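>>> pasting a predicted model and its sequence here:
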Amino acid sequence: MDGNDIGHRDPAGGDADSQAQRLVLVTGPSGAGRSTAINVLEDLGFEAIDNLPMSLIPRLLDGPPRPVPLALGLDVRNRDFSASNVIELIDTLTRNPAFAPEVLYLDCATETLVRRYSETRRRHPLAADGSPSDAITAERDLLAPIRVRADVLIDTTELSPHDLRAELAHAFDSRDGNRLSVSVQSFSYKRGVPRGLDMMFDCRFLANPHWVDELRALDGRDAAVRAHVTADPRFAEYFQRVRDLILFLLPAHVAEGKAHLAIGFGCTGGQHRSVTLAEMMADALAEQGWQVSKRHRELERRASQPRSVDSTQAALAAGING
């Protein structure tokens, strides 16, 4: 592929000051959600084309700008796919003022990809006689140079298709242009730090509602739990300082061209303090005009795993520390 052939447009197609063509290049390991992302972008008003041979991309992009943003899915099934070809494409588009390129990279933990292939019984595109895990590792190594060039990196390891659609809608809704979207999440340190966080804050030092019998079964969205957490004499200054820091940094991320920022608040059990902080911070940022989404990882996990009354009582008795 000769990247220098991209975007040689007829001057009659539009004046030099016309708005640059928005173009999202979608890639990532097979099974990480690239096809879902392409479909979501199409629903958001993009003209979406998946798995177009890279040798044909210059011909596609030649000519006058399209009236809608464009999304191109790139993956290893393409016979002329290589990291060097993709990076050459990215560099060429970045140098061309006729385009406003963004790289969306969908990533996922290896063990999760192995499980997904096992559940669907599909063969990995790089797996000949080898195991799926070997093929996934080989693909991850192949894509590593592209991953570091990503403008938006979304880890789908813990995301349902619905969650992924929400993340993409916040990051790429064409009606909102290139505004930065902010995701505020709560989590439990006992279950590990969520992948893909850009900023992380520990709130385990705050008063813990878990030790109050009438609050233990509630979560940080409840007014009584929020009142208990915010009553801690250290809360007000902590919240204000973190809020001011985030508001200071957000415009800098916009100036840098970042499209998505993930902020996490963690506590011991991910039920009380971190949920309270995530809810309040999301509201505070939204009040300042930022596009914000909320996610409570541990609450979502519990909601997706129904338990009997006896098992719920047993868990509470065991002391799931919030």
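The structure has been received and is ready for your questions. Keep in mind the model is a prediction, meaning the values are calculated, not measured.
>>> tell me where the stretch 201-322 of the chain has strands.
For the stretch 201-322 of the chain, strands defined by DSSP state E, counting those that start in this stretch occupy the ranges 260-267, 291-296.
>>> least reliable of the ones you listed by average pLDDT, please.
When the strands of the stretch 201-322 of the chain are ranked by mean pLDDT, strand 291-296 comes last with a mean of 88.
>>> which strands or helices does that one pack on?
When contacts are defined as 3 or more CB pairs under 8 Å, 6 or more residues apart in numbering; DSSP states H and E, strand 291-296 sits against helix 161-172, strand 181-188, helix 273-287. Using the backbone N, CA and C atoms, a C-beta is placed for each residue, glycine as well.
>>> thinking again about what came up before, tell me which of the strands of the stretch 201-322 of the chain lies nearest to residue 283.
Proximity to residue 283 (CB to CB) singles out strand 291-296 among the strands of the stretch 201-322 of the chain, at 8.2 Å.
>>> any idea of the angle the closest one forms with helix 273-287?
Orientation check (axes from the mean of the first three to the mean of the last three CA atoms, to 10 degrees): strand 291-296 against helix 273-287 gives 170 degrees.
>>> show me what the lengthiest helix in the chain is packed against.
If each helix of the chain is counted by residues according to DSSP state H, the longest one is helix 235-256. Here helix 235-256 touches strand 199-202, helix 223-230, strand 260-267, helix 273-287, going by 3+ CB pairs under 8 Å, 6+ apart.
>>> most tightly packed of those?
With neighbours taken as mean count of other CB atoms under 10 Å, the helices and strands packed on helix 235-256 reach their highest mean count in strand 260-267, at a mean of 24.
>>> mind giving me the packing neighbours of it?
Packed against strand 260-267 by the contact rule (3+ CB pairs under 8 Å, 6+ apart) you find helix 161-172, strand 181-188, strand 199-202, helix 235-256, helix 273-287.
>>> can you give me the buried ones in the fourth one?
Of the residues in helix 235-256, those buried by neighbour count under the rule 16 or more other CB atoms under 10 Å are 235, 239, 242, 246, 250, 253.
>>> show the contacting residues for the last one.
Contacts of residue 253 were listed using CB atoms under 8 Å, 6 or more residues apart in numbering, and they are 180, 261.
>>> ok, it to residue 152 distance?
Residue 253 sits 12 Å away from residue 152, taking CB to CB, to the nearest Å as the criterion.
>>> the third one now?
Going from residue 242 to residue 152 by CB to CB gives 24 Å.
>>> do the fifth one as well
Residue 250 sits 16 Å away from residue 152 when distances are taken as CB to CB.
>>> adding distance to residue 137, write the strands of the stretch 201-322 of the chain out as TSV.
Output for the strands of the stretch 201-322 of the chain, formatted as TSV (distance: least, CB to CB, whole Å):
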stretch	distance to residue 137
strand 260-267	25
strand 291-296	29
